[in-house]
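**Student:** Dropping the sequence and predicted coords here.
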Amino acid sequence: MKTKFIAAALALSTAAIFGNPAAAQEDASIKGAEAFLEGDYIQAAKWLRIAAEQGNVVAQISLAIMYREGMGVSENDAEAAKWYRMAAEQGDAEAQSDLGFMYSNGNGVPKNDSEAVKWYRRAAEQGYARAQYNLGVAYAFGEGVPENDAEAVKLFRLAAEQGFAEAQFNLGTMYRKGEGVPEDFVQAYKWFNLAAAQGSEDAKNNKEVMRKLMTTEQIAEAQKLSAAWKSVGEP
């Protein structure tokens, strides 16, 4: 079996040099995905590495995740960051966001809030909801950027409108406290309600607190707004 895999890998390398490099990396990526689904993480890592080294973005991200989780390879945040960076530099928003998160937390790279913001921003500008949320958090707490509640609200809203529950909760909180926007209990309840519908316990608890502060009419209006809400792109 080992000989078979080595022969296949050599065939892929030959194809990359003399044939179609894109086809070679795609083949290795598919083999890696198949091995992963079968639970053979060691083989998955091997094939994904072949594709990742040839520039396959999906394989680079998959390998980064495997290093973060210790699946088929020894857990190694520095290696994870390396592969995220390769995909991020190719413009992949998910990799940019995850690399930003690693800088924000000092996982595999020195903690650097400014660098985290740089990668979050690149992903956020592509419409990636998690990066918009994380960049909003950076503005809310002044991490890597000057504190700016209005900018935080703007970013939370962009992610919330895509259905990102954490952003919906944070946007509700900003409306409840009047931070970055005028205080508005109806809007706060609406966003808590939407986040709660996705299972957010914090949103559920805050919604119950809000009910005690609101009139029956306000609650009815908030529920109406929640029922009418549709995420961006939803028909």
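**Tutor:** Thanks, I have it. If you're wondering where the values come from, they're calculated on a predicted model, not measured in any experiment.

**Student:** which residues in this structure form helices?
**Tutor:** Here the chain has its helices, by DSSP state H, at 2-18, 21-37, 41-53, 57-69, 77-88, 93-105, 113-124, 129-141, 149-160, 165-177, 185-197, 201-211, 216-228.

**Student:** Near Glu208, how many residues? Count them for me, please.
**Tutor:** 11 (other CB atoms under 10 Å). The C-beta positions use only the backbone N, C-alpha and C, and glycine is treated the same way.

**Student:** which residues does it contact?
**Tutor:** Residues counted as contacts of Glu208 (CB atoms under 8 Å, 6 or more residues apart in numbering): none.

**Student:** Chain neighbours aside, what residue packs nearest to the residue nearest the centre of the chain?
**Tutor:** Note on the chain: the residue nearest the mean C-alpha position is Arg130, at 4.3 Å, using CA atoms, centre = their mean. Spatial nearest neighbour of Arg130, chain neighbours left out: Ser97 (5.2 Å); criterion: CB to CB, 6 or more residues apart in numbering.

**Student:** quick one: the one you found from Arg121, how far?
**Tutor:** 10 Å (CB to CB, to the nearest Å).

**Student:** Which one of the two is surrounded by more residues?
**Tutor:** More crowded of Ser97 and Arg121, by other CB under 10 Å: Ser97, with 26 against 20.

**Student:** wait, what's in contact with the more buried one?
**Tutor:** For Ser97, the contacting residues are 119-120, 123, 128, 130-131, 134, by CB under 8 Å, 6+ apart.

**Student:** How much space separates the residue nearest to the centre of the chain from Leu155?
**Tutor:** When distance is defined by CB to CB, Arg130 is 11 Å away from Leu155.

**Student:** Can you give the domain ranges for this protein?
**Tutor:** With automatic domain parsing as the criterion, the domains of the chain are listed as 8-75, 91-155, 163-229.

**Student:** Nothing else from me, thank you.
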